[in-house]
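S.K.: what's the 3D shape of this:
(one chain, ligands or ions: 1)
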Amino acid sequence: MYWQPKEECLDRGALAELQRKRLQKTLTRVASHVPFYRNTFKKRNLDPTQLRSLEELQEYPFTLKQDLRDNYPYGLFAVPLRDIVRVHSSSGTTGMATVVGYSRNDIQTWSDLVARVLCGAGLTREDVIQIAFGYGLFTGGFGLHYGAERLGASVIPISAGNTRRQLQIMRDFKTTALVCTPSYALKMADVMMDIGINPHGLSLRWGLFGAEPWSEEMRLELNERLGIIATDNYGLSEIIGPGVAGECQECNGLHINEDHFLVEVIDPETLQPVPPGEIGELVITTLTKEAFPVIRYRTRDLTRLLPGPCPCGRTLMRMSRMTGRSDDMLIIKGVNVFPTQIESVLFAIDGTQPHYRLIVDRINNEDRLTVMVEAVESMLFDAMKKQRSLINTIKKQLATELGIGVEVKLVEERTLERFEGKGNRVIDNRKI
Ligand code: DLL
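M.R.: Residues are numbered from 1 along each chain as shown. This is a model prediction of the structure:
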């Protein structure tokens with residue numbers, strides 16, 4: 001089952017030629033429309049009109065998340081604002097947010113790419129798809145929604161949260177496919193048990209999970225407990241959102257939509273390509289995006305390419321599930337969190353010391369972040385009321401900055417371990 005059979009099963013020689021043409025067009029467009037790219041290309045004497053092969057892309061500079069932040073909000077858009085029909089943003093408030101824009105054609109492309117992912121996982125227009133990703137600036141809800149509508153399925157745009165209601169709707173509306181983060185799906189399985197819903201008595205058959213790392217063990221558990229076939233799908237807002245890659249029913253790696261995204265896998269230290277099939281950092285260049293093309297974006301996600309044909313018949317290259325990140329970003333309840341965000345909030349609050357530890361747990365299949373922070377000595381001698389008020393201030397400010405609730409614990413001065421070299425302030429106890 002293919003959504004766009006011609007593209008998904010294209011001969012690899014023809015695919016390479018298509019990629020080269022699209023790459024040249026994209027590089028030429030950004031050189032003339034986006035000052036950031038024009039300047040960086042000029043500095044290196046790069047003339048995209050002369051690009052002859054895909055390999056020449058390696059001479060072009062990488063784009064970093066910081067470049068997106070430096071050009072906040074619209075500096076990297078390649079079309080005027082009047083041609084933008086949608087704006088999304090990755091998590092984080094002003095200082096950390098990255099903003100991405102879509103033209104009308106981009107939304108069409110996005111919908112088709114997500115429809116490919118859904119179709120590859122086994123879904124058809126007969127399915128009833130419950131989308132339990134957040135709808136909003138996050139690309140998960142709207143991205144999957146448009147793809148599912150494009151497929152012609154019946155969409156239940158329930159968004160994230162309110163688990164009991166999710167389950168009631170799942171049962172009453174006869175949901176056949178659940179779309180959310182794998183950890184939320186596990187939580188749903190727990191709540192089903194608590195309230196006595198037998199998952200095997202529901203219409204549920206498929207689970208399409210993504211937006212955070214998960215393991216093969218977790219897949220097996222989800223399959224068994226929910227009576228579904230769970231597949232993995234990957235994407236990131238900077239590139240398009242979901243729809244970059246997804247697993248077919250072989251459940252053996254994610255097919256990359258290579259006719260729209262050119263991928264490289266590099267060593268994050270040397271920045272050179274790793275030998276084929278080895279783990280490295282995924283770097284993506286968009287080939288068809290109009291509003292927000294990105295050249296050699298360092299995703300920081302670690303994976304490896306899985307060369308060789310897939311029994312499903314797609315010729316699109318597969319990559320392994322993500323095995324980690326080359327930076328310190330955490331994904332908590334599906335939200336991207338950088339320790340530096342927490343640090344800057346703590347540093348701005350009187351009564352705390354600049355020493356903290358972040359502890360991440362998964363309790364009843366729900367992520368919990370606890371921030372331990374040293375309080376100044378006088379604060380600990382103060383009345384409980386003052387301590388409570390400090391904790392509340394920290395909690396409130398962190399919730400505003402991160403968009404998720406956290407636990408806060410005050411500890412005595414000089415009780416947290418000090419580091420001599422690189423500090424590791426994060427203790428991630430989750431087993432995923
Ligand atoms: O998470 C887009 C998305 C939504 C993908 C829904 C799939 C489903 P961001 O919020 O920008 O976008 O976060 C992107 O999440 O760089 C990875 O680190 C991580 N990530 C996304 N999908 C997966 C996955 C969306 N399947 C960041 N496995 C990425 C592991 C994933 N990590």
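S.K.: Show the average pLDDT along stretch 89-100.
M.R.: Average pLDDT, stretch 89-100: 72.
S.K.: And for stretch 294-301?
M.R.: When pLDDT is averaged over stretch 294-301, the result is 97.
S.K.: Check whether that stretch comes near the ligand.
M.R.: Yes: judged by Cβ under 6 Å from any ligand atom, stretch 294-301 comes into contact with the ligand at 299, 301. Placement of C-beta: from N, CA and C, glycine included.
S.K.: Show me the contact partners of that stretch.
M.R.: 26-27, 30, 37, 57, 60-65, 76, 234, 236, 238-239, 264, 266, 268, 281-286, 322, 325-327, 329 (Cβ atoms under 8 Å, 6 or more residues apart in numbering).
S.K.: Now intersect those residues with the strands, please.
M.R.: Counted as lying in strands by DSSP state E, out of these, are 234, 236, 264, 266, 281-286, 325.
S.K.: Can you tell me how far the closest residue to residue 41 other than its chain neighbours is from residue 332?
M.R.: Nearest non-adjacent residue to residue 41, counting by Cβ to Cβ, 6 or more residues apart in numbering: residue 31, 5.3 Å away. Here the criterion is Cβ to Cβ, to the nearest Å. By it, residue 31 lies 38 Å from residue 332.
S.K.: who's in contact with the closest residue to residue 395 other than its chain neighbours?
M.R.: Nearest residue to residue 395, sequence neighbours excluded (Cβ to Cβ, 6+ apart): residue 408, at 5.2 Å. Applying Cβ under 8 Å, 6+ apart to residue 408 gives the contacts 370-371, 373, 391, 394-395, 398.
S.K.: what's the closest of the residues you listed to the ligand?
M.R.: Checking the contacts of residue 408 against the ligand by Cβ to the nearest ligand atom gives residue 398 as the nearest, at 18.4 Å.
S.K.: Retrieve the pLDDT associated with the residue nearest to residue 41.
M.R.: Listed pLDDT for residue 31 reads 98.
S.K.: and it, how many neighbours does it have?
M.R.: Residues within reach of residue 31, counting by other Cβ atoms under 10 Å, total 20.
S.K.: distance of it from residue 46?
M.R.: 8 Å.
S.K.: Over to residue 289: give its phi and psi.
M.R.: The phi/psi pair for residue 289 (degrees, to the nearest 10) reads phi -60, psi 130.
S.K.: Which residue does the stretch 201-350 of the chain have closest to the ligand?
M.R.: Residue nearest to the ligand within the stretch 201-350 of the chain: residue 210 (3.0 Å; Cβ to the nearest ligand atom).
S.K.: In the longest helix anywhere in the chain, which of the residues would be classed as buried?
M.R.: Determined from DSSP state H, the single longest helix within the chain is helix 12-33. Judged by neighbour count (16 or more other Cβ atoms under 10 Å), helix 12-33 contains these buried residues: 15, 19-20, 22-24, 26-27, 29-31, 33.
S.K.: what do you get for stretch 186-196?
M.R.: Those would be 186-189, 191-192, for stretch 186-196 by 16+ other Cβ under 10 Å.
S.K.: do the same with stretch 159-178
M.R.: For stretch 159-178, the neighbour count (16+ other Cβ under 10 Å) marks 159-160, 163, 166-167, 169-171, 175-178 as buried.
S.K.: Narrow these to those in helices?
M.R.: Applying DSSP H to the buried residues of stretch 159-178, the entries found in helices are 163, 166-167, 169-171.
S.K.: Serialize those residues to CSV and add fields for pLDDT and distance to the ligand.
M.R.: Converted to CSV, those look like this (pLDDT from 0 to 100; distance: Cβ to the nearest ligand atom, whole Å):
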residue, pLDDT, distance to the ligand
163, 94, 18
166, 97, 17
167, 97, 21
169, 98, 20
170, 98, 19
171, 98, 24
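S.K.: So which of those residues is the closest to residue 311?
M.R.: Proximity of those to residue 311 (Cβ to Cβ) peaks at residue 170, which lies at 31.4 Å.
S.K.: For the closest one, list the residues it contacts.
M.R.: With Cβ under 8 Å, 6+ apart, residue 170 has these contacts: 130, 178, 188, 202, 204.
S.K.: nearest to residue 251, of these?
M.R.: residue 178 (16.1 Å).
S.K.: Can you pull the residues of this structure lying near the ligand?
M.R.: 90-91, 133, 138-140, 210-213, 232-237, 241-242, 299, 301, 322, 325, 331, 336.
S.K.: Could you export stretch 30-38 as CSV, CA atoms only?
M.R.: Provided in CSV are the C-alpha atoms of stretch 30-38 (Å, rounded to 0.1, in the frame of the first residue of the first chain):
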residue,chain,number,x,y,z
VAL,A,30,18.0,30.5,-0.8
ALA,A,31,21.0,32.3,-2.2
SER,A,32,18.8,34.9,-3.8
HIS,A,33,16.0,35.1,-1.2
VAL,A,34,17.6,34.6,2.2
PRO,A,35,20.4,37.0,3.3
PHE,A,36,21.8,34.5,5.8
TYR,A,37,22.4,31.9,3.1
ARG,A,38,23.5,34.5,0.6
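S.K.: Residue 395 touches residue 406, doesn't it?
M.R.: Yes: assessed by Cβ atoms under 8 Å, residue 395 is found in contact with residue 406 at 6.5 Å.
S.K.: Those two: which has the busier surroundings?
M.R.: Using other Cβ under 10 Å, the more surrounded residue of residue 395 and residue 406 is residue 406, with 18 against 15.
S.K.: residue contacts, that one?
M.R.: 369-371, 395, 398-399.
S.K.: tell me the two of the residues you listed that are most distant?
M.R.: Most distant of the contacts of residue 406, by Cβ to Cβ, are 370 and 399, 13.9 Å apart.
S.K.: and stretch 255-271, how far apart are its ends?
M.R.: 24 Å (Cα to Cα, to the nearest Å).
S.K.: Of the contacts of residue 406, which belong to strands?
M.R.: 369-371.
S.K.: Could you pull out the strands in the stretch 201-350 of the chain for me?
M.R.: 206-210, 229-236, 241-247, 254-256, 261-266, 280-286, 297-303, 305-306, 318-319, 324-325, 330-332, 335-337 (DSSP state E, counting those that start in this stretch).
S.K.: how about the helices of the stretch 51-200 of the chain, start to end?
M.R.: 65-70, 104-120, 139-151, 163-172, 182-195 (DSSP state H, counting those that start in this stretch).
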